[in-house]
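A.B. asks: predicted coordinates and the sequence they were generated for:
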Amino acid sequence: MRRTLLALCLLASVAETAPKYDRAAVSSSSPAWVAAEKAWMAAAAEKDPAKATAAWESAASAFLAIAEDPGVTKGVASDAAYAAILAWKNALSVDPRVATRAPSTDTDFDKVPTPRLIPPREQALLRTLEIYIAHSPPPDELASAKFLRANTLRRYDHLDKAIPIFLDIVDAHRDLEVAEYAANLVLDSYNRLQRYDEMIAFAEKLRLDKKFLATRPDLAATLAQLRMQTLRVRGVRLEGDARATRDLATYDRCGDEYIAIADEPGIDERSHAEVLYNAGVCYTSAGSIARAAAVYRILIAKHPHSSLAGRAMARLGTAEANVGHYREAIDALEKYFTKYPGEKDAFHAASDAIFYARGLGDHERVNRIGNFVIKTFAAKRPREAAEVAVILLEVSPRNGAVAAAQRVARHISQLQREPLRALHAARTIVAATCPNAPVDELCSKPRAPGLDRTTHDLLSYAGDRTSKRLNRPTVDDKALADWATLTAIDLDLESVLAIRVPAPKAPTVGNGAVTDPSAGPASIAAEPVARAYERLILDATDPGARIAAHARLGTLQRHLGDRDQALVALRACVAESRKTTLASDWLARCERDLTAMKEPDLDILPERLAPPSAGPVIALELPRP
């Protein structure tokens, strides 16, 4: 509070020179008066400052003696006291020691000043002023004498004695110029004494006195500033109390207090924006979301160029989301991060907007916001941009999946130690780009052109990063590599399944040549795929990936018409499934295929295992085949 009222001290320093006195000539035949007049003229004629001080003291003492003489008339005593005052003032003004004496040695604004010793010459001045005031001089001179006396006391930190005199000037001499100086010094003195309640009460009394302030615009501005500071301090205190007690009602009162400040006439634009923002924060903490949102909208509308307008947009978005107004939340958040992309929380605001839009099924907005995020933040936040790219891929229409896949690949390649995200992206591409509903995650129709290269790049990245990471891959790292390999082989399997296999026929001999159907295009294309599945079965660390490879190998052999090899693979799938609870889905698929083949030993196959209740990281974070 003391620092906020430092301007009052400056006003007080101006008041040091007011009021001014003029010496009027007085005719008298009294020897004492004649001697005093001679002393005055001698002092006025003295050019040496060191000697002039003593001369003025002599003149002041001579006139003071006349004023204290009980035998003189009241008028003579009053004139003599007035002349003594002027002489003391002159003595003080020419004394070089007074010029170097600081008004107060107390520069610690957090400390209440201690009254200091008043020098003898100033004490004599104070005694003379008391005598002059006691003789009831004219109102303007009386007010000036009171001010001089109070200000002399104030200069030596006798503030408790100075305040009543200043208050008397304000009340009894309100039409004089000196009243404004006195009012400012009352405020300053209360402030220095840390008697804030009295200072605020006096300031409020003056603020409501329109007639007194009508011709005093500077004082009116000071009082308006003080009131604004007082209200804001009160709001801050309420907010502190609310945080300490976590009382929602106190938070609401805090918001009301700031709104009252915003409604103050003459409040400047910056302060208006600040108190509106503070009100919104208090209302939000109170759970009064509707009131907070209304305040934020007012701030944004009235102060669109304020930095707080951006923060209000972000808070408005959060507030709307808290009450389920997700479309309104997206509107506010999108305005925020597009207008203020450089703010620290801009990316998180965009992420929230994508989350809400995705939940609403508004894929158009997801794509628009997501592309903005990738364009704006990919350079500095490649990991997060890749996450957004994966989301875009998941919500994109199928005819746009290839472009989305390329975006994902570009951003995944910038990541370090993010194989899980690469694998997730690749598997999402596989699922999103099949033109028909896939069966067992295998697409029966050709995928979008160019997909294989993009997806294989991601799968290769995922497999390499996990199998070679630090040359000490963990079990989970190896599992990721296994699933990356499996997905890559599955894409090759789809190509084989797309090749039509002719119905089996007995070998024929013609012209000495034997034709074998097993040597057709499908068999030729299937051979490296089968070898890849077999290598995965031997090398895989993750049991789920190994079981899946058996099942895929069975599917491949069935397509080629090799019943015996298909039975071997599917039976191995069932046998492997008996050893773990992580692959019950694959067990069901293998049993289905064996049933379709009318496997005679189906009745003795092991019972279906219960659905898995837990699994490794790969099972929790990736969609299982």
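C.D. replies: Happy to help now that I have it.
A.B. asks: contacting residues for residue 175?
C.D. replies: The contact partners of residue 175, taken as C-beta atoms under 8 Å, 6 or more residues apart in numbering, number zero. Every residue, glycine included, has its C-beta placed from N, CA and C.
A.B. asks: quick one, phi psi at it?
C.D. replies: Torsion angles at residue 175 (phi, psi; degrees, to the nearest 10) stand at phi -90, psi -10.
A.B. asks: distance of it from residue 182?
C.D. replies: With distances taken as C-beta to C-beta, to the nearest Å, residue 175 is found 13 Å from residue 182.
A.B. asks: and residue 501, backbone torsions?
C.D. replies: Per-residue torsions, residue 501: phi -100, psi 120 (degrees, to the nearest 10).
A.B. asks: so it makes contact with residue 522?
C.D. replies: Yes - counting by C-beta atoms under 8 Å, residue 501 touches residue 522, with 4.6 Å between them.
A.B. asks: looking at the two, which is more packed in?
C.D. replies: Between residue 501 and residue 522, counted using other C-beta atoms under 10 Å, residue 522 has the larger neighbour count: 20 against 17.
A.B. asks: so where does that one fall, helix or strand?
C.D. replies: Assigned by DSSP states H and E, residue 522 belongs to helix 521-539.
A.B. asks: please name every helix or strand in contact with the helix or strand following that helix.
C.D. replies: Proceeding N to C from helix 521-539, the next assigned helix or strand is helix 543-560, under DSSP H and E. Helix 543-560 is packed against helix 475-497, helix 521-539, helix 563-577, helix 584-596, with contacts defined by 3 or more C-beta pairs under 8 Å, 6 or more residues apart in numbering; DSSP states H and E.
A.B. asks: closest one to residue 460 among these?
C.D. replies: Among the helices and strands packed on helix 543-560, helix 475-497 comes nearest to residue 460, with 7.4 Å by C-beta to C-beta.
A.B. asks: returning to that earlier point: dump the helices and strands packed on helix 543-560 to CSV, plus distance to residue 255.
C.D. replies: CSV is the format used below for the helices and strands packed on helix 543-560 (distance: least, C-beta to C-beta, whole Å):
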stretch, distance to residue 255
helix 475-497, 50
helix 521-539, 63
helix 563-577, 62
helix 584-596, 55
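A.B. asks: which SSE is the closest residue to residue 150 other than its chain neighbours in?
C.D. replies: Nearest residue to residue 150 in three dimensions, chain neighbours excluded: residue 165, at 3.6 Å (C-beta to C-beta, 6 or more residues apart in numbering). If you go by DSSP H and E, residue 165 is part of helix 159-172.
A.B. asks: quick check: angle from whatever helix or strand comes next after that helix to helix 159-172?
C.D. replies: Per DSSP H and E, the first helix or strand lying C-terminal to helix 159-172 is helix 178-192. Here the directions of helix 178-192 and helix 159-172 differ by 150 degrees (axes from the mean of the first three to the mean of the last three C-alpha atoms, to 10 degrees).
A.B. asks: other SSEs contacting helix 178-192?
C.D. replies: helix 6-15, helix 139-155, helix 159-172, helix 196-207, helix 217-245.
A.B. asks: returning to that earlier point: between residue 501 and residue 522, what contacts are shared?
C.D. replies: Common neighbours of residue 501 and residue 522 (C-beta under 8 Å, 6+ apart) are 559-560.
A.B. asks: tally of neighbours for residue 372?
C.D. replies: 18.
A.B. asks: that older thread, tabulate the helices and strands packed on helix 178-192 (TSV), appending distance to residue 389 and mean pLDDT.
C.D. replies: Formatted as TSV, the helices and strands packed on helix 178-192 follow (distance: least, C-beta to C-beta, whole Å; pLDDT from 0 to 100):
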stretch	distance to residue 389	mean pLDDT
helix 6-15	55	37
helix 139-155	71	87
helix 159-172	69	92
helix 196-207	58	85
helix 217-245	40	80
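A.B. asks: which of those sits most buried?
C.D. replies: Among the helices and strands packed on helix 178-192, helix 139-155 has the highest mean neighbour count (mean count of other C-beta atoms under 10 Å), at a mean of 21.
A.B. asks: please compute how far the host helix or strand of residue 92 lies from its chain's middle.
C.D. replies: Using DSSP H and E, residue 92 falls within helix 74-94. Relative to its chain's centre, helix 74-94 lies at 64 Å (C-alpha atoms, centre = their mean, to the nearest Å).
A.B. asks: contacts for the helix holding residue 165, please.
C.D. replies: Residues from elsewhere that reach helix 159-172 (C-beta under 8 Å, 6+ apart): 113, 115, 143, 146-147, 149-151, 153-154, 178-179, 182-183, 185-186, 189-190, 192-193, 202, 206.
A.B. asks: now do it against helix 139-155, angle only.
C.D. replies: 160 degrees.
A.B. asks: any chance you could map the helices in the stretch 351-500 of the chain?
C.D. replies: For the stretch 351-500 of the chain, applying DSSP state H, counting those that start in this stretch gives helices covering 363-377, 382-395, 401-412, 419-432, 451-468, 475-497.
A.B. asks: actually, the stretch 201-350 of the chain.
C.D. replies: 210-213, 217-245, 248-262, 269-286, 289-302, 307-322, 326-339, 346-360.
A.B. asks: what helices or strands is the helix holding residue 522 leaning on?
C.D. replies: For helix 521-539, the packing partners by 3+ C-beta pairs under 8 Å, 6+ apart come out as helix 475-497, helix 543-560.
A.B. asks: many thanks, I have nothing further to ask.
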